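1. Sharing a model that was predicted from the sequence below.
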Amino acid sequence: MKTNQSWVTEFILVGFQLSSEMELLLFWVFSLLYFFGLLANGIILGLIWSDPQLHTPMYFFLSHLAIIDISYATGSVPHTLRNLVQHKRTISFISCLAQITLCLTVACTECMILMVMSYDRYVAICHPLQYIIIMNWKRCTVLAVISWVCGFSVVIINIILLLRLPFCGPQGLNHFLCDILDVLKLACADTWVNTFIVFACSVFFLIVPLSLMLISYTCILRNILKIKSKEGRKKAFSTCSSHLCVVGLYFGIAMLMYLVPDDSQQQEPQKILTLFYCLFNPLLNPLIYSLRNAQVKGAFYRALGQKRAT
């Protein structure tokens, strides 16, 4: 039976229920974190593109990671800042879809890039004599393109399925950004197919890459322990530990958000986890790779030296 329904053209982002003073404070805190995240990743990109010593497969993939961090933060933080300062919590349906598309694409792509980076470290440590042959620029480019295409293709499937659903109210989205699982809760139809596809994609992009990375690092650890030189072991551990820190942060948060059974009591903790990923992860990634990486620090000092010389 047909009924008269008003179709939703915008959503109301509930976000965090805070006082005006707290919202203003968070606006400045989030703005600083967002700015420093963009600055840190921009510096990493600039160093990798300008310094010939960083023109290696490892830093090629690290540059993609920096682009992903900038994209994810830019896709989610500015709208949150606007809501905090203007007290306007609405987002149009089109803008919501665009935010989901951008954020999910880069999030899925990051899973693939991190997996490729672990493969790069595996080849470098376990097959050092064949590294240049195996990780040639053609193969690196193909792996990067495949990562982006996989991320975009899977998200497009989810968006197409989402567009087939009717949204006739309520409008309240219990989040500070458009998360696909929360948007699905507002649909006026059965969403089990959509939910299943999101879960299947989460398994594919989280469990599979993480399992392959654990296998890679098990082999890497065995080979590191065989290195007789103490300096060689230290260098190998330093490079791999940086990557493992990023992997642990990223996959830990993502698995809690998309693979843990839905529970209304966990809604607030999930918002905090999402906030951590939007604001802190883009800032932590370049800091982890730069502070624990002698080559990046060397490139930074060389860049400073060139500026002083000019």
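-> Done, it's in.
2. show me where pLDDT drops low in the stretch 1-150 of the chain?
-> 1-7 (pLDDT under 70).
3. all strands for it, in order.
-> In the stretch 1-150 of the chain, the strands defined using DSSP state E, counting those that start in this stretch lie at 10-13, 90-92.
4. Packed most tightly, which of these would that be?
-> Greatest average neighbour count among those goes to strand 10-13 (a mean of 18), per mean count of other Cβ atoms under 10 Å. In this view, the C-beta of every residue, glycine as well, is placed from N, C-alpha and C.
5. who are the neighbours of it, in terms of helices and strands?
-> Helices and strands touching strand 10-13, by 3 or more Cβ pairs under 8 Å, 6 or more residues apart in numbering; DSSP states H and E, are strand 90-92, helix 93-126, strand 172-173.
6. so which of those is the most packed in?
-> helix 93-126 (a mean of 21).
7. Distance from the chain centre to it, please.
-> Here the centre of helix 93-126 is set off from its chain's centre by 6 Å, with Cα atoms, centre = their mean, to the nearest Å.
8. Check which helices and strands it sits against.
-> Applying 3+ Cβ pairs under 8 Å, 6+ apart, we find helix 93-126 packed against strand 10-13, helix 57-86, helix 131-134, helix 137-163, helix 180-184, helix 208-226, helix 230-258.
9. what's the closest of the ones you listed to Met22?
-> helix 57-86 (9.4 Å; Cβ to Cβ).
10. Which neighbouring elements make contact with that closest one?
-> Using 3+ Cβ pairs under 8 Å, 6+ apart: helix 57-86 touches helix 20-50, helix 93-126, helix 137-163, helix 267-279, helix 281-291.
11. between these, which gets nearest to Leu249?
-> Nearest of those (Cβ to Cβ): helix 281-291, 6.3 Å.
12. List the buried residues in the closest one.
-> Using 16 or more other Cβ atoms under 10 Å as the test for burial, helix 281-291 gives 281-286, 288-290.
13. returning to that earlier point: as TSV, the strands of the stretch 1-150 of the chain with distance to Ser20 would be great.
-> Shown next, in TSV, are these (distance: least, Cβ to Cβ, whole Å):
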stretch	distance to Ser20
strand 10-13	17
strand 90-92	18
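14. Glu23 is nearest to which of the ones you listed?
-> Nearest to Glu23, of all the strands of the stretch 1-150 of the chain, is strand 10-13, at 12.8 Å by Cβ to Cβ.
15. chain center to the closest one: distance?
-> How far strand 10-13 lies from its chain's middle: 24 Å, per Cα atoms, centre = their mean.
16. Strand partners (parallel or antiparallel) of that strand?
-> strand 90-92 (antiparallel), strand 172-173 (parallel) (DSSP bridges).
17. Fine, thanks again, bye for now.
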